[in-house]
Each structure stands twice: as C-alpha cells, then as structure tokens.
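Chemist: coordinates only, sequence not included:
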C-alpha cells in the first residue's frame, strides 16, 4: 500500500503529464488523416517524471515504455506514471530520490529556531542537523560527516600554531574547523566554504559561542568557483577536509572545472577539490583529505594520483568502514607542499609500515597500493620486469545479460522457450556449477545484451565480476551469462590459448598479484588488461604449472603462502 507522500508525488507527476497533454492534444493525424500516436522526447519524459534521461532509456529497454520515430509514445508513458511508479522494484529504485524528500525550507526554519534560543546546545544542534539531512540529499551532494576520531588522527603530528591559517573547503557544520580551534588556531585564522547555507549558519554560531569571535571567514559559496574566479587568492598554511564524495554535478560544469583546474581525467568532486586546494596551499603547507578507497586504485583517479607524486606524501591511512550504511572504506592522504621525503607511512588498523613513492610510480594506473609491504613490492616488480604482453587491445570483451527485471524473467527450472543462463556465483575455482537460472530466449526484451556472436563464440572465457578473487572458466559450449559474470575472447596476438590463459588467471600467483595491486571486490576490465602475460613461459611449457611458473619468474613461495623475489 502506498504511503500518502508517494501517492501525492504520483498524483503531481500525473497532473503534470495531463496538463502537458491538454496543451498539445492527445492524438495527432498524418497527412492522409490517419490517427498516429503522439510522441514525446526522452528529455520531456525525464523532466515530467523527475528522473534522469538514463532512467527513461532503461525503462524503454525493459519494455515499460514504447518507442516510436525516435521518441516515446505518450500513452505508454502515461501508463508508466499511473500504474508502475511506486509499485515495481525497478521504478521505485530509480525514483528513490522522491521517497527521501529533502525540505530545505523546513530545515532552514528549524536551524533559525535553534539559533534564536540562547539556551540551545549548539554542539548538539550540529549533530542533530546532520541527522536531519535526507539520504538522497547526502548522496546527491556527496556528504558524509567526519567522525571526530578521524579528524583527531588526521591532525596528529601537525603543528597547529595559533598564527597559522587553516581552511576547510567543504566545511559543513565545521568539525575540522572546531578541532583546529580547540588545538590552538586563532578563530580569526580559520576559513571555511560550503554550499549548505544552514550548515554555515551553525558553524558561525559554534565559533562564536566557543570563542566570542564573530567571523566573516566562513562563507556560503562553492570553493571550486572561488578558486577559479578569485583574482587575489589567500594562501593557507593548513588545508584539511572531507570533500564531497562523488557529488552530482552537471557534465558541462564538471568538464569546465576539470579544464580550468588542469585535472585531466580525474573529474570526481574529490579530485576537483584536491586540485583546487593545491592551488591555494602555501609552500611547505600541509594538506589532508579524507577520501573513498577508490581514490587509491580506480582508473578515474589516476591523474590526481600522479599529481600527488609531485609532493611529499607523509601518511596514507585506512580507517575502515567509518560511515554507517556506506560500504566503501574511508581513507586519508596527508601531504606537505614540498619535494622532500622518500618514505611515507602507510597505516591500517593492524599495523604501520613504510613504502616509497617509487613503489606506486611503477604500478599499472599509478595505483597507490599502500596496503602492501616493501618485500611484496619487490615481488610485484619482478612480475612486471619480465618481458610480457597484456590483454589491453588484445581481446574482445562482453557483459553478461542485463534483463532489467530478474524477478520477471528468471525462473529456476528448464522450460520450453527458455535457455539456461549462468551467474557469477556459478563460476567456482573447481569449475562451473549446473545452471540454476533460465530466461526466455527472446533477447530483444532485455535491457542490455552483448553481441550474440560473443556468447556463441566457439570458445571464450567467462568470469565472476563481483569478486575479490579471479575465477575464470573456459567455455566451449556457447553458454549465456547474466550480468554478475562477464566474458572475454583474447585475440591471436596474445600468443596463448584460452585454456592456458584461464589456468594462468586462476592461479595462486596471479590471484596474489591481483589482490596486492587492486585490493577490490570487483574484477574490472581495466585491471585485467593490466596483468602481465609472460609469453616466454608458454613458449617453454605447453601448459601452466605453478612451480615452473614461479621458477621462471625467480619468485619463491614461502611456507606461509606469501611470495619473495629471489636474488
């Protein structure tokens, strides 16, 4: 049963669509007087339903909407608005922003009421405000408020002299700033920027009640715009922040920021804030950013990682899963704006060790695999120092079938007109399980399907996509796969057979290398394209043998299952 809020939202959208009909006429006729269906564009449908154009396209692929002459038949759109939104899982997920309403005016009134009362505990108000922000708003703005223990740790060993200038470019209600004041920075020397007007008001009041100082240095503006447009920028001694993680901004704006900040392909808001912060950091100044774990190992962040190698990296810290309801780990990087420092501290909950920037510089995609130790870095270097090829530009790749609605299309027993389809979980280290899923053999109704010749290739490799381990299967029976599995077909230029490649990728040494390089729970194409394939080994040996392969690389397997490079 729908809630009153959802009913109201559907009624509003429905009324908008009806009014739009009245303006244009429900039906049209061609030059011969024949009635033809009225068409609306994907953009119009997106605007009326308050969802992205990508979501509208997904509804088309899933057969919720009917296409005609490059547009959408209005009647099918009306049917979706009336009978689908809020009922089926696909659309409820796609419209999750509607269910999690952010009422900024109500929040503004609440904040003003709290600030008006002198007896209000402003620190509690800051905490309560964070709780009142809707999940949809936090997701859209990339907001994850920083726990105090992380702030304390990030500022550890940083000299917070009272005359130093301190900036948080995404300050929110000011947890970093209040900690800086607590540790001795004068209130007139702290600066903060944020686009949340309510948070700015709370922070100003926090500073006033703690110090008696009414600051004008906490501003309700976009830090990126400030850096790009300001003619006389202030330089700061200390910049510490938890920037927006993946904030949703329009593509044109993202590209504009990237160009003006020389960010190249690192266009996530975390990267943009870091590029901007480096422009206003004093020589020998300190900078600390709390970032998502993808920052250190995903291709989209490669350009900002390369930029970081130009600075003195002091610490990289792993705080684990620090945010409730967020699966990604919270990690931090602390640097000093100079060229010094060969060794950097790598800190996890278990231990602290040291590496060099050179360890990262040699890695594929300049991955900062700070979770490894120096001896392990030597082994990684041994894998790549031997002459090798890779799968990059040497394979065809395909995704598993995306039905758009597994509950609707998938059954767990064979049936006429259905074909078996294999899931990622069906691919195991010991081979392929028997099929437990069957889908209709009319593939035109699915949301996404790879070219049929890939599924029906004489032989191919299929592999788990969601996995921290490499699990490949050499398929010679033209099997179909769901999107929890992917496929690849190497070209003849790789110089290995598919069976040899499957054995290599499934091997313990290659799994070890994969985990030490990427430390991820997804097997990404770009990661697989980085792994070394040593043709010289397969020219000497027709099949893969782990002991012979390690001897070829001059790597020794230790008694505890790790590896060491032989001298």
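Modeler: Right, received. Where do you want to start? What you see is a predicted model, and the numbers here were worked out from it, not measured in a lab.
Chemist: which one is residue 294 nearest to, not counting chain neighbours?
Modeler: residue 301 (6.5 Å; C-beta to C-beta, 6 or more residues apart in numbering). For glycine as for every other residue, the C-beta is placed from the backbone atoms N, C-alpha and C.
Chemist: could you report the neighbour count for the one you found?
Modeler: 26 (other C-beta atoms under 10 Å).
Chemist: who touches the one helix or strand residue 316 maps to?
Modeler: Assessed by DSSP states H and E, residue 316 sits inside strand 312-318. Contact with strand 312-318 is made by 153-154, 286, 293, 296, 329, 331-341, 344-349, 357, 368, 370-371, as judged by C-beta atoms under 8 Å, 6 or more residues apart in numbering.
Chemist: restricted to strands, list those residues.
Modeler: 286, 331-336, 344-347 (DSSP state E).
Chemist: neighbours around residue 288, how many?
Modeler: 24.
Chemist: what's the spacing between stretch 448-456 and its chain's center?
Modeler: 27 Å (C-alpha atoms, centre = their mean, to the nearest Å).
Chemist: which ones are touching the most centrally placed residue in the chain?
Modeler: By C-alpha atoms, centre = their mean, the chain has its centre lying nearest to residue 294, at 6.5 Å. Counting by C-beta under 8 Å, 6+ apart, residue 294 makes contact with 300-301, 328.
Chemist: any idea how far residue 149 is from it?
Modeler: 22 Å (C-beta to C-beta, to the nearest Å).
Chemist: what residues go with each domain of the chain?
Modeler: 4-99, 144-371, 395-565 (automatic domain parsing).
Chemist: among those domains, which is nearest residue 107?
Modeler: Closest to residue 107 of the domains of the chain, according to C-beta to C-beta: domain 144-371, at 5.5 Å.
Chemist: now the end-to-end length of that closest one.
Modeler: 24 Å (C-alpha to C-alpha, to the nearest Å).
Chemist: start the count at 11 instead of 1 going forward.
Modeler: With 11 as the first residue, the last one maps to domain 154-381.
Chemist: please work out the average pLDDT along that domain.
Modeler: The pLDDT scores in domain 154-381 average 93.
Chemist: cool, and stretch 481-493?
Modeler: 97.
Chemist: got the buried residues for that stretch?
Modeler: 481-485, 489-493 (16 or more other C-beta atoms under 10 Å).
Chemist: what residues does it touch?
Modeler: Against stretch 481-493 from outside (C-beta under 8 Å, 6+ apart): 409-413, 416, 429-434, 437-439, 441-442, 447, 449, 458, 465-475, 497, 508-509, 511-512, 515-516.
Chemist: in strands, which of those residues fall?
Modeler: 409, 429-432, 437-438, 441-442, 449, 470-474, 497.
Chemist: buried ones among the residues you listed?
Modeler: Applying 16+ other C-beta under 10 Å to the ones in strands among the contacts of stretch 481-493 flags 409, 429, 431-432, 437, 449, 470-474, 497 as buried.
Chemist: now do the phi/psi pair for residue 180.
Modeler: The phi/psi pair for residue 180 (degrees, to the nearest 10) reads phi -140, psi 70.
Chemist: list the residues that contact it.
Modeler: Contacts of residue 180 by C-beta under 8 Å, 6+ apart are 203-204, 233, 251-254, 283.
Chemist: how about 10 Å then?
Modeler: 151-153, 186, 202-206, 209, 232-234, 251-255, 257, 279-280, 283, 287, 299 (C-beta atoms under 10 Å, 6 or more residues apart in numbering).
Chemist: pull up the gap between it and residue 562, please.
Modeler: 50 Å.
Chemist: same deal with residue 275?
Modeler: Taking C-beta to C-beta, one finds residue 275 at 36 Å from residue 562.
Chemist: with neighbour numbers in mind, choose between those two.
Modeler: residue 562 (16 against 12).
Chemist: ok, and the closest non-adjacent residue to that one?
Modeler: Using C-beta to C-beta, 6+ apart and skipping residues adjacent in sequence, the residue nearest residue 562 is residue 547, 4.8 Å away.
Chemist: cool, and residue 203?
Modeler: Per C-beta to C-beta, 6+ apart, closest to residue 203 is residue 233, 4.1 Å.
Chemist: what count of nearby residues applies to residue 468?
Modeler: Neighbours of residue 468 (other C-beta under 10 Å): 10.
Chemist: enumerate every residue touching it.
Modeler: 485-488, 499, 508.
Chemist: what ranges does the stretch 461-577 of the chain have for its helices?
Modeler: 462-465, 508-516, 518-528, 535-538, 545-550, 556-563 (DSSP state H, counting those that start in this stretch).
Chemist: helices or strands up against the first one?
Modeler: With contacts defined as 3 or more C-beta pairs under 10 Å, 6 or more residues apart in numbering; DSSP states H and E, the packing partners of helix 462-465 are strand 405-409, strand 490-491, strand 495-500.
Chemist: okay if I get the ones you listed as JSON lines plus distance to residue 145?
Modeler: JSON lines is the format used below for those (distance: least, C-beta to C-beta, whole Å):
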{"stretch": "strand 405-409", "distance to residue 145": "29"}
{"stretch": "strand 490-491", "distance to residue 145": "33"}
{"stretch": "strand 495-500", "distance to residue 145": "30"}
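Chemist: so for stretch 68-78, mean pLDDT?
Modeler: pLDDT averaged over stretch 68-78 gives 75.
Chemist: next, the buried residues of it.
Modeler: 68-72, 74-76.
Chemist: and for stretch 509-522?
Modeler: For stretch 509-522, by 16+ other C-beta under 10 Å, it's 510-517, 519-522.
Chemist: and residue 462, how far is that from residue 437?
Modeler: 21 Å.
Chemist: distance to residue 553 and neighbour count added to the ones in strands among the contacts of strand 322-328, as CSV?
Modeler: What follows is the ones in strands among the contacts of strand 322-328, written out as CSV (distance: C-beta to C-beta, whole Å; neighbours: other C-beta atoms under 10 Å):
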residue, distance to residue 553, neighbour count
296, 54, 24
341, 41, 24
342, 46, 21
343, 44, 25
344, 48, 23
345, 48, 24
346, 52, 18
354, 42, 22
355, 44, 16
356, 38, 22
357, 43, 18
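Chemist: dump the residues you listed into JSON lines; add distance to residue 140 as well.
Modeler: Compiled in JSON lines, these are given as follows (distance: C-beta to C-beta, whole Å):
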{"residue": "296", "distance to residue 140": "26"}
{"residue": "341", "distance to residue 140": "21"}
{"residue": "342", "distance to residue 140": "20"}
{"residue": "343", "distance to residue 140": "24"}
{"residue": "344", "distance to residue 140": "24"}
{"residue": "345", "distance to residue 140": "28"}
{"residue": "346", "distance to residue 140": "31"}
{"residue": "354", "distance to residue 140": "32"}
{"residue": "355", "distance to residue 140": "30"}
{"residue": "356", "distance to residue 140": "30"}
{"residue": "357", "distance to residue 140": "26"}
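Chemist: ok, the residues you listed vs residue 385, which is closest?
Modeler: Lowest distance from residue 385 to the ones in strands among the contacts of strand 322-328 (C-beta to C-beta) belongs to residue 356, with 13.6 Å.
Chemist: check contacts around the residue lying closest to that closest one once chain neighbours are set aside.
Modeler: Nearest residue to residue 356 in three dimensions, chain neighbours excluded: residue 380, at 4.1 Å (C-beta to C-beta, 6+ apart). Going by C-beta under 10 Å, 6+ apart, residue 380 touches 306-307, 323, 325-328, 341, 343, 354-358, 363, 365, 369-370, 529.
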